[in-house]
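Asker: requesting a structural model of the entry that follows:
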Amino acid sequence: MKQAQSSPSLAELLPALKPLFDDSGSMVFLYDESDDLAYANDQFYELTCLDPGSTPTWSDMIRICHRTGRGLLIEADDIETWLSHARKRRGSVPYRQFEIDTVDGHWLLITETIIPGLGILGIGVDITRAKNTTTVLQHEYQQALVEAETDALTQMGNRRALDRLRRLLTLSGVNRVISALMIDIDWFKPYNDSLGHLQGDECLRIIADLIRSGFRSEEAYPLRIGGEEFLILMVDADERAATQLARRILRTIRSRAIPHPTSQVGHVTLSIGVATSTVTDDETISTLLNAADKALYESKGSGRDRVTVASNAD
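Answerer: Next comes the predicted model:
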């Protein structure tokens with residue numbers, strides 16, 4: 001009967017594995033079953049900022065990094081509580097993987113593997129470049145989302161932004177009093193035809209800036225929803241507040257007196273429709289917008305350059 005061979009000891013294994021670990025380009029460390037540091041390569045000492053050749057326990061290594069503010073970034077007010085939670089995770093599964101960053105800005109992907117009879121073998125791969133690339137991509141993606149919901153000419157929200165606002169308002173689950181101001185530039189097509197599209201674009205930019213100047217940013221959400229048509233949504237604003245804003249915008253446009261060669265009054269004017277309603281779902285938002293749009297056309301039919309308030313948007 002063959003005699004069972006005993007597993008090689010840690011002391012026997014390390015000399016054979018050390019060259020492989022040292023040349024791996026990764027941080028490699030081995031904590032024995034007593035949690036003492038049995039082996040660490042140069043990258044380990046470099047990234048943890050421990051004294052080369054020192055052999056602290058895993059807990060002491062974490063304490064040193066926390067106390068000195070060097071090496072691994074340990075953000076904890078109470079390090080012992082942090083260690084207590086971390087020790088429960090360490091060794092709870094045969095293999096685990098996690099990310100950790102260092103004080104000097106490196107990111108490491110750490111794998112820890114339990115080797116029965118030896119301890120925990122850890123390997124840390126520097127993923128800083130990949131992490132930074134991911135951060136840049138996420139930023140670009142978020143920026144793309146913002147740009148996709150922003151009208152390039154006026155820097156106001158567009159119809160995509162309106163769709164998002166509608167979803168947010170209905171998903172909140174709370175009935176909100178919303179006021180809508182539907183705004184249209186009077187006789188804008190003749191303005192474009194007589195002065196050209198470049199001047200028309202400049203007029204749109206000026207009008208957008210003047211509309212925004214009429215209120216504080218936290219009061220309302222301005223959007224460009226058509227060629228010369230704008231919409232302002234006011235959340236938790238009653239009819240009186242919305243009407244005041246509409247009239248303030250009208251006065252601002254009048255005082256600016258943008259020349260309009262084909263208008264009877266000689267300058268650019270606006271027609272505005274105002275509606276207010278308690279919004280409970282997307283259907284009531286549609287009803288509100290339709291009421292504001294109808295009030296806008298009443299302003300146009302009544303001679304333009306005026307504000308019309310919808311009688312009842314509910």
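Asker: only C-alpha atoms for contact and neighbour calcs from this point on.
Answerer: Fine.
Asker: what's the pLDDT at the residue lying closest to residue 102 once chain neighbours are set aside?
Answerer: In this structure, residue 102 finds its nearest non-sequential neighbour in residue 72, 4.3 Å apart by CA to CA, 6 or more residues apart in numbering. Confidence per residue is given as pLDDT, and for residue 72 that number is 93.
Asker: now do the contacts for residue 109.
Answerer: For residue 109, the contacting residues are 97, 98, 99, 100, 124, 125, 126, 127, by CA atoms under 8 Å, 6 or more residues apart in numbering.
Asker: which PyMOL command selects the buried ones in these?
Answerer: Those of the contacts of residue 109 that meet the burial criterion (16 or more other CA atoms under 10 Å) are gathered into one PyMOL selection, given here:
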select buried, resi 124+125+126+127
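Asker: how near is the residue nearest to residue 102 to residue 60?
Answerer: Using CA to CA, to the nearest Å, we find residue 72 at a distance of 12 Å from residue 60.
Asker: between those two, which is the more surrounded one?
Answerer: Residue environment comparison for residue 72 versus residue 60 gives the larger neighbour count to residue 72, 23 against 14, counting by other CA atoms under 10 Å.
Asker: pLDDT on stretch 76-89, on average?
Answerer: Per-residue pLDDT over stretch 76-89 has a mean of 90.
Asker: show me what counts as buried in it.
Answerer: In terms of neighbour count (16+ other CA under 10 Å), stretch 76-89 has its buried residues at 79, 83.
Asker: neighbouring contacts of it?
Answerer: With contacts defined as CA under 8 Å, 6+ apart, stretch 76-89 is touched by 59, 63, 66.
Asker: one more: stretch 259-266?
Answerer: With CA under 8 Å, 6+ apart, stretch 259-266 has contacts from 187, 190, 191, 194, 267, 268.
Asker: which one of these sits closest to residue 294?
Answerer: Proximity of the contacts of stretch 259-266 to residue 294, judged by CA to CA, is greatest for residue 187, which lies at 17.9 Å.
Asker: rewinding a little: dump the contacts of residue 109 to a markdown table, plus secondary structure.
Answerer: Compiled in a markdown table, the contacts of residue 109 are given as follows (DSSP: H, G, I helix; E, B strand; the rest coil):
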| residue | secondary structure |
| --- | --- |
| 97 | strand |
| 98 | strand |
| 99 | strand |
| 100 | strand |
| 124 | strand |
| 125 | strand |
| 126 | strand |
| 127 | coil |
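Asker: which residues touch the residue nearest to residue 102?
Answerer: By CA under 8 Å, 6+ apart, the residues touching residue 72 are 47, 48, 62, 65, 66, 100, 101, 102, 103.
Asker: at 10 Å what do you get?
Answerer: Shown in contact with residue 72 (CA atoms under 10 Å, 6 or more residues apart in numbering): 47-49, 61-62, 64-66, 100-108.
Asker: for residue 151, same thing?
Answerer: With contacts defined as CA under 10 Å, 6+ apart, the neighbours of residue 151 are 157, 158, 159, 160, 161, 223, 224, 225.
Asker: follow-up on the earlier one: among the contacts of residue 109, which one lies nearest to residue 31?
Answerer: For the contacts of residue 109, the closest approach to residue 31 (CA to CA) belongs to residue 124, at 13.9 Å.
Asker: one step back: now, the contacts of residue 72 that are in strands?
Answerer: In this view, the contacts of residue 72 that belong to strands under DSSP state E are 100, 101, 107, 108.
Asker: what about the helices in the stretch 1-150 of the chain?
Answerer: Counting by DSSP state H, counting those that start in this stretch, one finds helices in the stretch 1-150 of the chain at the ranges 10-22, 42-48, 58-68, 79-89, 128-148.
Asker: JSON lines for those, including distance to residue 255?
Answerer: Rendered in JSON lines, the data for those read as follows (distance: least, CA to CA, whole Å):
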{"stretch": "helix 10-22", "distance to residue 255": "76"}
{"stretch": "helix 42-48", "distance to residue 255": "65"}
{"stretch": "helix 58-68", "distance to residue 255": "63"}
{"stretch": "helix 79-89", "distance to residue 255": "63"}
{"stretch": "helix 128-148", "distance to residue 255": "32"}
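Asker: hmm, back to that, out of the contacts of residue 72, which end up buried?
Answerer: The neighbour-count test (16+ other CA under 10 Å) marks 47-49, 61-62, 64-66, 101-103, 106-108 as buried among the contacts of residue 72.
Asker: what packs against the strand or helix carrying residue 178?
Answerer: Element membership for residue 178, per DSSP states H and E: strand 176-185. If contacts are counted by 3 or more CA pairs under 10 Å, 6 or more residues apart in numbering; DSSP states H and E, strand 176-185 sits against helix 159-171, helix 197-212, strand 220-224, strand 229-235, helix 239-256, strand 270-279, helix 282-301, strand 307-309.
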